[in-house]
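Peer 1: Build me a model from this:
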Amino acid sequence: MQANVGDFLIVHGHVVGHGDRKGEIVEVRGAGGAPPYLVRFGDGHEQLMYPGPDSVIEPATPE
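Peer 2: From the prediction side, this is the model:
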C-alpha cells in the first residue's frame with residue numbers, strides 16, 4: 001500500500017452497524033509512501049495508522 005499526503009484512507013466497517021471511516025492522510029512516515037500514516041478524521045482527531053486488509057487508499061483529486 002502506498003499513499004501521498006492529501007490522499008484519503010478509507011477503513012471499511014466489518015461489523016453490522018459500523019460504517020466506513022474516512023480520513024485525510026496528513027503525513028506519510030514510511031519510505032516511498034508506505035505506512036505508517038498520520039490520518040486526520042472528520043471529527044478532528046488524528047491517529048497513526050498501519051492500514052489492514054479492510055482499508056483502501058483514495059487518491060486526492062487535483063484541483
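Peer 1: what's near enough to touch the residue lying closest to Ala34 once chain neighbours are set aside?
Peer 2: Spatial nearest neighbour of Ala34, excluding adjacent residues (C-beta to C-beta, 6 or more residues apart in numbering): Gln2 at 6.3 Å. Backbone N, C-alpha and C define where each C-beta goes, glycine included. Gln2 is in contact with Gly32, Gly33, Ala34, Ile57, counting by C-beta atoms under 8 Å, 6 or more residues apart in numbering.
Peer 1: same check, this time on Tyr37
Peer 2: So Tyr37 contacts Ala3, Leu9, Ile25, Glu27, Val28, Arg29, Gly30, Leu48, Met49, Pro51 (C-beta under 8 Å, 6+ apart).
Peer 1: could you flag which of those residues are buried?
Peer 2: Ala3, Leu9, Ile25, Val28, Met49, Pro51 (16 or more other C-beta atoms under 10 Å).
Peer 1: Could you verify my assumption that the fifth one touches Gly30?
Peer 2: This points to Met49. No - counting by C-beta atoms under 8 Å, Met49 stays clear of Gly30, with 11.1 Å between them.
Peer 1: Please enumerate the shared neighbours of those two.
Peer 2: With C-beta under 8 Å, 6+ apart, Met49 and Gly30 have common neighbours Pro36, Tyr37.
Peer 1: ok, back up a step: from the contacts of Gln2, pick the one nearest Phe41.
Peer 2: Distance to Phe41, by C-beta to C-beta, is smallest for Ile57 among the contacts of Gln2, at 15.2 Å.
Peer 1: So for the residue nearest to the closest one when sequence neighbours are not counted, what's the pLDDT?
Peer 2: Using C-beta to C-beta, 6+ apart and skipping the chain neighbours, the partner closest in space to Ile57 is Ala3 (4.7 Å). For Ala3, the model assigns a pLDDT of 96.
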